[in-house]
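Chemist: no sequence on this one, just coordinates:
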Ligand code: GLN
């Protein structure tokens, strides 16, 4: 092999991790595409409840990686955690399959099975996700760390190829609607089963190929048991671990409890959302109050925190994909795609597809700008990401403005939304991950990744809260009309519904009042989308304005 080829070549282990993660994301995103529709159509919960469950579920999926990372470091090692996490997720899917098989005869049992399934998947994801990502980094010796950006771009494509395939297969077999729009509520189970099979495949790929390929350049297996590691497995400075005093740890626990109670009782957040917000803040507080930090280190950590705060608004807007946007795709969209009726849960597939298409062009774009010395600093790229999200919702807001209660949104507008949002994601998500790596002092790196993931988790929780303010979509008005009720008049309070009508509406999961956010009543889809325009727009403007301050505080890091 010529030295030129060697310089560009990636270790075979990267492709094993790529394949494993691809099947795992197939399982995760395939199931996720169906989850809210299953909750609403089979388990008969309201869309609002489904959005809150979805937000809490995703949020917890990004809280447990802290635990998975910790257990891998101290006890089990990356490999075992990946195998454990993969197996747990496959079992979780089987529980969902069972839930979706029994709901028509025993809905309460089906709900219990769904809760157990989500719990198992949350822990499975916590064991799997941080460990597979950190193994990507450890495949490369120190002198080849410059390949890491490309390695993560390739890996990010694996993630999204999996998401694409999952959102293709699971909706085709699991989200079945006939031409008249009548859904086969018994089909969801096949989607969950396919997701489970994908996870089993991913776990087997890893199990079989890991010893041969997931190895260091010297051929030693990577990610083994921590007790078996020797000093040569650590890079210089890596073994330095953060050590907190007992006093600091106690303070952090007290802060966690206090903040949790504050979010729950004062801000009215549910228990899960309160735990997510409180753990992020108390962990951030614990790290920044450490007395061993120098001024430069503290400044850089503060930059991570500021960025992490704004990233919350990004994910809150971005992660409407599996909840409110799927409901809109289901209930008020003309999904005719070149003559074919696309299943509603499949519409979000365009995100994965566009990432696979655009990840390389974006990384080439940054390379080009860097050569010309014009590459923006990372927080500016992220501010661009936020601005793009605002633009995407602005366009859609104007397209739903004149739809009224029975007009249908053309699918091309949702495709355009996912195209813009994917560009936004590529400006923000991979950039954020590598920024944390560059800014974090080594001894706090994994904890700061923890804070960063917790900000993702908080974004998902906020996504749940915001998804729950989706006003009534077209199907609700039609359904109410069939029941002899003028829903628009009820919502406008121009007629007062009788007790019997209220019960009829509730039995059909239709709310008789408009949702309210921050004191504002949300009357229609236009106002709903404008909430996201305002939130991400303001976040973006502030982030742009902070550029000089952030640049100074980064002390030379870009
Ligand atoms: N879509 C990516 C994944 O599933 C990133 C998600 C995130 O960082 N919040 O890994």
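Modeler: Thanks, I have it. This structure is a prediction, so every number in the text was calculated from the model and none was measured.

Chemist: C-alpha only now, for contacts and for neighbours.
Modeler: Noted.

Chemist: So in this structure, which helix runs the longest?
Modeler: helix 107-138 (DSSP state H).

Chemist: how about the following helix or strand past it: buried residues?
Modeler: With elements assigned by DSSP states H and E, the helix or strand that comes after helix 107-138 is helix 148-174. Buried residues in helix 148-174, defined by neighbour count with 16 or more other C-alpha atoms under 10 Å: 148, 150-174.

Chemist: Check stretch 100-114 too.
Modeler: 100-103, 107, 110-111, 113-114.

Chemist: For it, what is the distance to the chain centroid?
Modeler: 26 Å (C-alpha atoms, centre = their mean, to the nearest Å).

Chemist: what sits up against that stretch?
Modeler: 38, 42-43, 95-96, 98-99, 186, 188-189 (C-alpha atoms under 8 Å, 6 or more residues apart in numbering).

Chemist: Can you lay out these as TSV showing secondary structure?
Modeler: TSV is the format used below for the contacts of stretch 100-114 (DSSP: H, G, I helix; E, B strand; the rest coil):
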residue	secondary structure
38	helix
42	coil
43	coil
95	helix
96	helix
98	helix
99	helix
186	coil
188	helix
189	helix
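
Chemist: quick one: buried residues of stretch 132-148?
Modeler: Of the residues in stretch 132-148, those buried (16+ other C-alpha under 10 Å) are 132-133, 135-140, 147-148.

Chemist: returning to that earlier point: the longest helix of the chain relative to helix 148-174, how many degrees between them?
Modeler: 160 degrees (axes from the mean of the first three to the mean of the last three C-alpha atoms, to 10 degrees).

Chemist: got the contact list for residue 97?
Modeler: Counting by C-alpha under 8 Å, 6+ apart, residue 97 has contacts 188-190, 192-193.

Chemist: Among the residues you listed, which one sits closest to residue 527?
Modeler: Within the contacts of residue 97, the smallest distance to residue 527 is 31.8 Å, found for residue 188 (C-alpha to C-alpha).

Chemist: Quick check: closest non-adjacent residue to that closest one.
Modeler: Once flanking residues are discounted, residue 188 sits nearest to residue 174: 4.1 Å by C-alpha to C-alpha, 6 or more residues apart in numbering.

Chemist: One more: residue 377?
Modeler: residue 558 (5.0 Å).

Chemist: Model confidence score at that neighbour, please.
Modeler: Listed pLDDT for residue 558 reads 81.

Chemist: how much space between it and residue 113?
Modeler: Counting by C-alpha to C-alpha, to the nearest Å, the gap between residue 558 and residue 113 amounts to 47 Å.

Chemist: Next, please give the residue ranges for the helices of the stretch 451-558 of the chain.
Modeler: Assigned by DSSP state H, counting those that start in this stretch, the stretch 451-558 of the chain shows helices spanning 474-482, 487-491, 499-507, 525-545, 547-554.

Chemist: circling back to that earlier point, return the closest of the contacts of residue 97 with respect to residue 208.
Modeler: Nearest to residue 208 among the contacts of residue 97 is residue 193, at 22.5 Å by C-alpha to C-alpha.

Chemist: Can you list the buried residues in whichever helix or strand the closest one is part of?
Modeler: Element membership of residue 193 [criterion: DSSP H and E] is helix 188-213. Judged by neighbour count (16+ other C-alpha under 10 Å), helix 188-213 contains these buried residues: 188-206, 210, 213.

Chemist: could you point out which element follows it?
Modeler: Criterion used, DSSP H and E; the element after helix 188-213 is helix 246-261.

Chemist: mean confidence score for that next one?
Modeler: 96.

Chemist: Next secondary structure element downstream of it?
Modeler: helix 271-288.

Chemist: contacting residues around that following helix?
Modeler: With contacts defined as C-alpha under 8 Å, 6+ apart, helix 271-288 is touched by 56, 59-60, 63, 248-249, 252-253, 255-257, 259-261, 263-264, 298, 301-302, 305, 444, 448, 451, 454-455, 457-458, 461.

Chemist: Swap in 6 Å and give it another go.
Modeler: 252, 255-256, 259-260, 263-264, 451, 454, 458, 461 (C-alpha atoms under 6 Å, 6 or more residues apart in numbering).

Chemist: Between all of the residues you listed, which two are separated the most?
Modeler: Largest separation among the contacts of helix 271-288 by C-alpha to C-alpha: 252 and 461, giving 21.8 Å.

Chemist: Tell me how many other residues surround residue 19.
Modeler: 22 (other C-alpha atoms under 10 Å).

Chemist: I'd like the distance between it and residue 495.
Modeler: On the measure of C-alpha to C-alpha, residue 19 and residue 495 end up 58 Å apart.

Chemist: Give me the neighbour count for the closest residue to residue 68 other than its chain neighbours.
Modeler: Closest residue to residue 68 apart from its sequence neighbours, by C-alpha to C-alpha, 6+ apart: residue 127 at 4.2 Å. For residue 127, the neighbour count with other C-alpha under 10 Å is 32.

Chemist: Quick check, residue 36 in contact with residue 50.
Modeler: Yes: the pair residue 36 / residue 50 is scored as a contact, 5.5 Å apart, by C-alpha atoms under 6 Å.

Chemist: Same drill for these two, tell me which one is more crowded.
Modeler: residue 36 (28 against 24).

Chemist: Need the phi and psi values for that one.
Modeler: Dihedral pair for residue 36: phi -70, psi -40, per degrees, to the nearest 10.

Chemist: wait, what's in contact with it?
Modeler: With C-alpha under 6 Å, 6+ apart, residue 36 has these contacts: residue 50.

Chemist: From residue 141, how far out is it?
Modeler: 43 Å.

Chemist: just residue 515 next, same as before
Modeler: Distance from residue 515 to residue 141, by C-alpha to C-alpha: 54 Å.

Chemist: Name whatever forms a beta bridge with residue 340.
Modeler: With DSSP bridges applied, residue 340 shows beta-bridge pairing to residue 337.

Chemist: Just want the phi and psi numbers for residue 338.
Modeler: The phi/psi pair for residue 338 (degrees, to the nearest 10) is phi 50, psi 50.

Chemist: what about the protein, any weak spots by pLDDT?
Modeler: 1-8, 229-241 (pLDDT under 70).

Chemist: Number of residues surrounding residue 266?
Modeler: Here the number of neighbours of residue 266 (other C-alpha under 10 Å) works out to 10.
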